[in-house]
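Q: quick one, fold the following:
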Amino acid sequence: ATKATADRLEQEHQHQQELQRAKEALEQQHREALQAREVQEMQVRKLSVTLEQKEALLRQERDTFHTALQDREEMLQRLQSESAGLRSLSDQQTADLEAL
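A: This next block holds a predicted model:
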């Protein structure tokens with residue numbers, strides 16, 4: 001009976017050691033998973049900042065483009081107006097010359 005009790009105690013001790021090793025392994029996996037999550041969250045934050053910067057740059061480029069487009073449209077209107085004025089002046093001078 002003593003041998004059976006000793007064997008049972010040894011088995012129980014080994015089982016507890018296995019459980020302790022399994023617990024430690026799970027705790028290590030948990031720590032690694034937390035670290036991996038922190039790294040991923042940091043990468044997401046960096047990507048978000050990069051995305052925001054690119055969006056701001058695109059908005060700035062769009063605004064610059066629209067401003068340049070407006071400037072060109074205004075210049076075109078001025079040139080058309082000046083052209084019409086010159087055409088009118090030319091027609092008037094031609095009429096004056098023909099009258100002479």
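Q: what's the burial count for H30?
A: 10 (other Cβ atoms under 10 Å). For glycine as for every other residue, the C-beta is placed from the backbone atoms N, C-alpha and C.
Q: packing partners for the helix or strand harbouring it?
A: Element membership for H30, per DSSP states H and E: helix 2-99. Helices and strands touching helix 2-99, by 3 or more Cβ pairs under 8 Å, 6 or more residues apart in numbering; DSSP states H and E: there are none.
Q: so what's the model's average confidence on it?
A: Regarding helix 2-99, the rounded mean pLDDT is 96.
Q: how far does it sit from its chain's centre?
A: Helix 2-99 sits 0 Å away from the centroid of its parent chain (Cα atoms, centre = their mean, to the nearest Å).
Q: can you give the contact residues for stretch 39-58?
A: Applying Cβ atoms under 8 Å, 6 or more residues apart in numbering, stretch 39-58 turns out to have no external contacts.
Q: tell me the buried residues in it?
A: Under the neighbour-count criterion of 16 or more other Cβ atoms under 10 Å, stretch 39-58 has nothing buried.
Q: CA atoms only: put it into PDB for me.
A: Output in PDB follows, covering the C-alpha atoms of stretch 39-58 (Å, rounded to 0.1, in the frame of the first residue of the first chain):
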ATOM      1  CA  VAL A  39       3.000  46.400 -32.200                       C
ATOM      2  CA  GLN A  40       0.000  46.100 -34.500                       C
ATOM      3  CA  GLU A  41      -1.800  49.000 -32.800                       C
ATOM      4  CA  MET A  42       1.400  51.200 -33.100                       C
ATOM      5  CA  GLN A  43       1.500  50.300 -36.900                       C
ATOM      6  CA  VAL A  44      -2.100  51.200 -37.300                       C
ATOM      7  CA  ARG A  45      -1.500  54.500 -35.600                       C
ATOM      8  CA  LYS A  46       1.500  55.200 -37.900                       C
ATOM      9  CA  LEU A  47      -0.600  54.300 -40.900                       C
ATOM     10  CA  SER A  48      -3.400  56.500 -39.700                       C
ATOM     11  CA  VAL A  49      -1.000  59.500 -39.400                       C
ATOM     12  CA  THR A  50       0.500  58.700 -42.800                       C
ATOM     13  CA  LEU A  51      -3.000  58.500 -44.300                       C
ATOM     14  CA  GLU A  52      -4.000  61.800 -42.700                       C
ATOM     15  CA  GLN A  53      -0.800  63.500 -44.000                       C
ATOM     16  CA  LYS A  54      -1.500  62.200 -47.500                       C
ATOM     17  CA  GLU A  55      -5.100  63.300 -47.400                       C
ATOM     18  CA  ALA A  56      -4.000  66.800 -46.300                       C
ATOM     19  CA  LEU A  57      -1.400  66.900 -49.100                       C
ATOM     20  CA  LEU A  58      -4.000  65.800 -51.600                       C
END
